[in-house]
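Chemist: 3D model of this:
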Amino acid sequence: MSGQWFLFSVDLLALFGIYLALNLSLRLQLGYTGIANFGLVLAFTGGAYVGGWLPIRLGMWLVEVDPSLADDMIWNNVIIASQVDLSLHGSPGTAMTILLITLLAAGAAGALLGLQSGYPAVRLGGDYLAISLLAFGEVLAIIGNNYDPVVGGPLGVRIPDVWAWAGDWRFMAASLANCALALGVWLYLDSIEKSPMGRMLRAIRDNPDAASSLGKNVARVRLNVMVTGGIICGLAGAMYTLYTTGVAPSALSRFDWTFLPWVMVVFGGSGSNVGVLIGTFTFILVQKLIISYKFALSFLPFDPVWLQFLLMGLVLILVLNFRPSGLVTEKASYALSRREMAKAAGKESL
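Modeler: Alright, predicted model coming up:
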């Protein structure tokens, strides 16, 4: 039983790290800047595709693999990945090299996709912006399913395990790395919370016309935020692929990687990092518990697989009706601390 709970906790930690990073990117775009990005799946899928395409080719180049297998890498991907894994078991340096290069490429792909989707859309507002980004989110799903050389088409591909060197602690190492990514994004958002950049983003969110009248290039700022959010989503997509050691377009659905993050962020509160954390952990925990104990829920008058969706819809309706700002509301931020403002006010009164 303890072993089952350990595996449950490790997998929960891994998914929590991925979703928290993804949701914090939505917090940056929606909570700070007011960009209703319903196309999160675009940059996330781009990073996942990089994670499915690049490591196996880097592995063949860095370790000894039968060169004849390269003639059809899609068909032979399982054999190639298995041979690379044998070399990575005793070579953490090579594995980390593959990991770092893949993450750099995934971040670049996310930035490019954020730029391409944001450039024609950032001048729009409200529903038009949301619908445009929603449409962009479907592009890579169509390409991945219909063009096999990307990630093997609908069946997907198996990729080398960059955490193979950790042995029995493989899943723990991967989970901690996912959480490290989320922590890095958290610290980045926290650094701009009280900075002039953070106040400018909130000004654009609350009143873009007023911000524009004060000389701020609203379209350019929004585009920069889209690119930054794309980088975060791309890194999250690559880390997810490297954790699962495989990628298939069917696993990168709009529901899982756009709508579900939106529900988590709305539930926790898009105006607070803590709110995003609470919303993310709550939904991931409930999802894992339903999957693990679905046989114990056989008394329900419907298939337990639908329980998550029903609960998600119910929670969303309740939150939007009774607490539209989420569980944790946004707190006012000041350029100076309260003590410094009181001191400044005292000097002025003199």
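Chemist: So which residue is dead centre in this protein?
Modeler: Taking CA atoms, centre = their mean, the centroid of the chain lies closest to residue 22, which sits 2.3 Å from it.
Chemist: these two touch, right, residue 198 and residue 192?
Modeler: Yes - with contact defined as CB atoms under 8 Å, residue 198 counts as touching residue 192 (4.4 Å). Every C-beta, even on glycine, is put in place using the N, C-alpha and C of the backbone.
Chemist: quick revisit: the residue nearest to the centre of the chain sits in which helix or strand?
Modeler: Following DSSP states H and E, one finds residue 22 within helix 2-26.
Chemist: Report the distance from that helix to the chain centre.
Modeler: Centroid separation for helix 2-26 versus its chain: 12 Å, with CA atoms, centre = their mean, to the nearest Å.
Chemist: average model confidence for it?
Modeler: Averaging pLDDT along helix 2-26 gives 91.
Chemist: So what touches whichever strand or helix holds residue 198?
Modeler: Taking DSSP H and E as the criterion, residue 198 maps to helix 196-206. Under the contact criterion CB atoms under 8 Å, 6 or more residues apart in numbering, helix 196-206 has outside partners 32-34, 192, 210-211, 214, 216, 218, 221-222, 225, 333, 335.
Chemist: Make a ChimeraX selection of the buried ones in those residues.
Modeler: Per 16 or more other CB atoms under 10 Å, the buried members of the contacts of helix 196-206 correspond to this ChimeraX selection:
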select :32,33,34,211,216,218,221,222,225
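Chemist: I'd like the contacts of helix 196-206 written out as TSV, with pLDDT added.
Modeler: Below are these laid out as TSV (pLDDT from 0 to 100):
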residue	pLDDT
32	91
33	91
34	89
192	89
210	90
211	90
214	87
216	90
218	90
221	92
222	91
225	95
333	67
335	60
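Chemist: related to what we said a few turns ago, would you mind listing the buried residues in the helix holding residue 198?
Modeler: 198, 199, 200, 201, 202, 203, 204, 205.
Chemist: next one: stretch 312-324
Modeler: For stretch 312-324, a neighbour-count test (16+ other CB under 10 Å) marks 312, 315, 319 as buried.
Chemist: Let's see which of the residues you listed end up in helices.
Modeler: Of those, the ones assigned to helices by DSSP state H are 312, 315, 319.
Chemist: Out of the residues you listed, the closest to residue 13 would be?
Modeler: residue 312 (21.3 Å; CB to CB).
Chemist: residues contacting that closest one?
Modeler: By CB under 8 Å, 6+ apart, the contact set of residue 312 is 260, 263, 283.
Chemist: ditto for residue 78
Modeler: By CB under 8 Å, 6+ apart, the contact list for residue 78 reads residue 158.
Chemist: Give me the distance between whichever strand or helix holds it and the centre of its chain.
Modeler: Using DSSP H and E, residue 78 sits within helix 77-88. Its chain's C-alpha centre and that of helix 77-88 lie 27 Å apart, by CA atoms, centre = their mean.
Chemist: do the same with stretch 47-56
Modeler: Between the centre of stretch 47-56 and the centre of its host chain there is 16 Å, according to CA atoms, centre = their mean.
Chemist: again, but for stretch 297-313
Modeler: Computed by CA atoms, centre = their mean, the chain-centroid distance of stretch 297-313 equals 26 Å.
Chemist: Flag every buried residue along that stretch.
Modeler: Using 16+ other CB under 10 Å as the test for burial, stretch 297-313 gives 304, 307, 308, 312.
Chemist: Can you give me the distance of residue 255 to residue 16?
Modeler: Look at residue 255 and residue 16: by CB to CB, to the nearest Å, they are 18 Å apart.
Chemist: Pick out whichever of these two has more residues nearby.
Modeler: Using other CB atoms under 10 Å, the more surrounded residue of residue 255 and residue 16 is residue 16, with 21 against 9.
Chemist: hang on, the earlier thing: I'd like the buried residues of stretch 297-313 laid out as a markdown table, including distance to residue 60, pLDDT and secondary structure.
Modeler: Output for these, formatted as a markdown table (distance: CB to CB, whole Å; pLDDT from 0 to 100; DSSP: H, G, I helix; E, B strand; the rest coil):
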| residue | distance to residue 60 | pLDDT | secondary structure |
| --- | --- | --- | --- |
| 304 | 43 | 80 | helix |
| 307 | 44 | 84 | helix |
| 308 | 40 | 81 | helix |
| 312 | 42 | 84 | helix |
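Chemist: Distance to residue 187 added to these, as CSV?
Modeler: Listed next are the buried residues of stretch 297-313 as CSV, based on distance: CB to CB, whole Å:
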residue, distance to residue 187
304, 38
307, 35
308, 31
312, 29
